[in-house]
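*Asks:* got a structure for you, letters missing:
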Ligand code: SAM
Ligand code: SF4
C-alpha cells in the first residue's frame, strides 16, 4: 500500500467530512444569524460519492474518518451513510462532531456500528450564556445528551470555543465537570471563520491565557502525554477522573504533526483549515473520473499541503480577510 505523504513527510491517514452545511443552531462565531445561502441538495456530495472517496482513501492508509458539518444529524439518511462507512475495510475509527440537539436518538444505533468517539460542542453550561452564543434555546436538550453520553462507554470530548466577554465564566465550572466524570473538556481558540469576515490581529484568549486562568483556580495542572497527531495540549487536575485540553487552533502550534485533510459539503478538498480549497472532488467524479484519477488528484493535493496554517493563510488568493464559515469547513 502506498501511503499518502505530503512534501513535509507527514503521513495523511485521517479525513474530516462535513456532510452538510445546514445547522439548527447559529453559533455567532461560526455563522451569521440570517442571510445564509445554504448549499442546494444537488450541489452536495451524495453519499455514494462520499463513500467512493472513503473507499479509495482507505486503500491508501486512511483509517480514521470524522463526520461533521453543519450539524451532521440534520442530513437525511445520515445513518445509512455511517453504517456504510463502518463497513469499509480499513476504516477503523469513525468519530463524530455534533451539537447534541438530535444525537441522542441515534446513539444506540451508532454504538452498534462501532462509533465510540464523540465531540459534543457545548460552549456554556449556563442556559442564558448558551443562548447568547448559539442564538437558540436548546441548552436543555444538549445537556441531556451530555448526561446520557457520559454514562455510556464512549470516548467523549466536550468542545467549547473560548470567547472573550461571552463564556469566560464557564471555564472553571467546565473543568470542574471532569472531577467525577471521565470526560475530556477541550477549550478551542476562536478562529476567524464566522461566515461574515473577521480580521483577527491577535487573540486575547489564547491557549496560554486559558491555561493560566484554569491553573489560577485549580493550581498547577498535570501535563498529560498528548496522543500522536493530537491537536490539543492535554492536562489533568490532580484527583479529577477526567481531563481537559486546549486546542491552539488560532496559534497553530500543532501543524508539524498534521495528518488530516478535509472535505467540504460541496466536495472541496482542503489540506489545511486555513487554505482556500485545493480542488473539487465532486466535479471530478461527476465528470466521470476513474478511481485512479481520483486518487491521483488527491495525491497531488496532498503533495501541495502547506507546511502550516500561517503559510496556508498567507497563500489564500481570493481574500486575506477570511469570510468562510466553519459550517462548510467542519471544524
Ligand atoms: N455542528 C457540529 C458542532 O457544533 O459540533 C459540528 C460542526 S462545528 C463547525 C465543529 C466544531 O467547530 C465545533 O466544536 C465548533 O465549536 C467549532 N467551531 C466553529 N466555528 C469556530 C470558530 N470560528 N473558531 C473555533 N472553533 C469553531
Ligand atoms: Fe451549528 Fe456547529 Fe456551527 Fe454551532 S458550531 S452553528 S452547532 S455548525
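*Replies:* That came through fine. Values in this document were obtained by computation on a predicted structure and should not be read as measured data. Ligands and ions are numbered 1, 2, ... in the order given.
*Asks:* Quick check: the closest residue to ligand 1 within the chain vs residue 126, distance?
*Replies:* Proximity of the chain to ligand 1 (CB to the nearest ligand atom) peaks at residue 331, 2.6 Å away. Any C-beta I mention is one placed from the backbone N, CA and C, and that applies to glycine too. Distance from residue 331 to residue 126, counting by CB to CB, to the nearest Å: 22 Å.
*Asks:* more neighbours, the two?
*Replies:* With neighbours defined as other CB atoms under 10 Å, residue 331 and residue 126 compare such that residue 331 has more, 22 against 15.
*Asks:* OK, contacts around the more buried one?
*Replies:* Residue 331 is in contact with 16, 68, 97, 159, counting by CB atoms under 8 Å, 6 or more residues apart in numbering.
*Asks:* Apply 7 Å and report the result again.
*Replies:* Contact criterion CB atoms under 7 Å, 6 or more residues apart in numbering gives 68, 97 as the residues in contact with residue 331.
*Asks:* for residue 282, same thing?
*Replies:* Residues near residue 282 by CB under 7 Å, 6+ apart: 45, 49, 266, 267.
*Asks:* so it, which of the three states?
*Replies:* helix (DSSP: H, G, I helix; E, B strand; the rest coil).
*Asks:* Over to residue 94?
*Replies:* Secondary structure state of residue 94, per three-state DSSP, is strand.
*Asks:* beta partners of it?
*Replies:* Judged by DSSP bridges, the bridge partners of residue 94 are residue 65.
*Asks:* State the distance from it to residue 72.
*Replies:* Noted for residue 94: a distance of 11 Å to residue 72, by CB to CB.
*Asks:* Looking at these two, which is more packed in?
*Replies:* Neighbours around residue 94 and residue 72, counted as other CB under 10 Å, are more numerous at residue 72. The numbers are 26 against 20.
*Asks:* chain center to stretch 102-118: distance?
*Replies:* Centroid displacement of stretch 102-118 relative to its chain, using CA atoms, centre = their mean, to the nearest Å, is 17 Å.
*Asks:* now stretch 140-157
*Replies:* 18 Å.
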